[in-house]
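Q: sequence plus predicted model, see below.
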Amino acid sequence: MGTLHGDLTIESQFYQNVVVMRHGDRIDNFEPLWTSTAARPWDPPLVEAGKVRAYCMGQRLRNQLGFPIHRVFVSPFLRCLQTANEVIMALCAVADHRDDPNDLSSNGVVIDPSKIKVSIEYGLCEMMNLRAIRPNVAPNDGVFDFNLSQCEAVLPAGTIDHAAEQLHKQLPKWQETLEGARTRYLEVIKALADKYPSENLLLVTHGEGLGAAVYGFVQEVEMVRQVEYCAYSLSRRPIVFSENQSFTAGDLVGLHEGQVGITYVACNSKVASDDSLKKTNII
């Protein structure tokens with residue numbers, strides 16, 4: 001696998017990798033009464049087990065992907081920000097803190113923040129409708145307030161790329177359709193890949209966003225049955241750079257062996273899955 005990053009040579013070619021990941025275990029699926037006292041009941045954090053899962057998945061990515069992650073994009077919802085924080089801490093941990101069996105979360109882990117650049121992308125946000133935002137917690141006026149500085153403060157210090165511009169500077173309109181949300185996710189994934197063609201990307205989003213990536217990039221998928229917490233999909237495409245820094249890219253193709261924590265039905269009716277993670281609902 002190519003991992004070209006930085007200076008490019010004449011007619012150089014490599015493979016760009018794009019990993020799309022779902023967030024970890026959200027608190028309102030385990031503590032139903034949490035919403036009754038929460039200031040932002042539509043924006044649940046992770047439970048502690050969700051942070052552990054995210055950190056361990058970060059370790060798995062670092063050890064098993066076979067290529068580095070150069071850049072991370074994350075939805076502004078708190079559960080995604082906290083997931084990204086744990087994953088990034090695992091990816092950037094310095095040698096003394098790698099794969100310590102006592103490290104089940106990022107607590108006390110020392111990192112090298114120069115390894116990864118991180119940005120918040122509104123286009124990766126939750127589906128903005130009552131299918132995803134539960135009616136009992138959705139704002140009556142459909143207004144969701146996110147403070148970008150507060151969102152960035154959840155992520156590891158020194159990793160934020162303040163020069164990066166968001167593709168979507170505003171959230172999608174409230175009550176977007178399922179089809180519209182799936183189209184949005186695919187457009188954002190492709191646009192981010194095109195914007196950073198010499199880098200491998202990790203996108204931390206929601207269940208429907210990951211499902212859209214599977215439908216959009218994994219060939220011959222008929223149905224996505226299950227998307228687990230911290231599941232991810234790996235897609236890849238060839239990139240050829242010319243002397244003038246222009247590039248020609250192939251299509252992103254999801255690798256069947258690169259789907260982790262996802263159960264889906266292929267067109268040949270065989271069910272493909274990875275049972276290493278706990279099964280949960282898609283939202």
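A: Sure, I can see it.
Q: residue 258 belongs to a helix?
A: No. Checked against DSSP: H, G, I helix; E, B strand; the rest coil, residue 258 lies outside a helix; its state is strand.
Q: that one and residue 233 touch, don't they?
A: Yes. When contacts are counted by C-beta atoms under 8 Å, residue 258 is listed as touching residue 233 (6.6 Å). The way it works is simple: take the backbone N, C-alpha and C, and place the C-beta from them, glycine included.
Q: which one's more surrounded, those two?
A: The neighbour comparison of residue 258 against residue 233 (other C-beta atoms under 10 Å) goes to residue 233, with 31 against 18.
Q: bridging residues for the more buried one?
A: residue 20, residue 259 (DSSP bridges).
Q: do you know how far it is from residue 174?
A: 27 Å (C-beta to C-beta, to the nearest Å).
Q: which residue is the nearest non-sequential neighbour of residue 144?
A: residue 171 (6.0 Å; C-beta to C-beta, 6 or more residues apart in numbering).
Q: next, count neighbours for the one you found.
A: A total of 18 residues lie near residue 171 under the criterion other C-beta under 10 Å.
Q: kindly report the same for residue 130.
A: If we define neighbours as other C-beta under 10 Å, then residue 130 has 11 of them.
Q: now do the same contact list for residue 158.
A: 113-114 (C-beta atoms under 8 Å, 6 or more residues apart in numbering).
Q: all strands of this protein, in order?
A: Secondary structure of the chain (DSSP state E): strands at 12-22, 71-74, 117-120, 201-205, 221-241, 247-249, 253-266, 271-272.
Q: and those strands, which is most packed in?
A: strand 201-205 (a mean of 27; mean count of other C-beta atoms under 10 Å).
Q: and it, which strands flank it?
A: Strand 201-205 is paired, per DSSP bridges, with strand 12-22 (parallel), strand 71-74 (parallel).
Q: tell me the mean pLDDT for the last one?
A: Right, strand 71-74. For strand 71-74, mean pLDDT is 98.
Q: what's the answer for stretch 189-207, then?
A: 97.
Q: ok, now stretch 21-37?
A: Mean predicted confidence for stretch 21-37 is 95.
Q: chain center to stretch 43-51, what's the gap?
A: How far stretch 43-51 lies from its chain's middle: 15 Å, per C-alpha atoms, centre = their mean, to the nearest Å.
Q: what's opposite the most centrally placed residue in the chain in the beta bridge?
A: A centroid search over the chain (C-alpha atoms, centre = their mean) returns residue 204, at 1.7 Å, as the residue closest to the centre. With DSSP bridges as the criterion, residue 204 is bridged to residue 21, residue 74.
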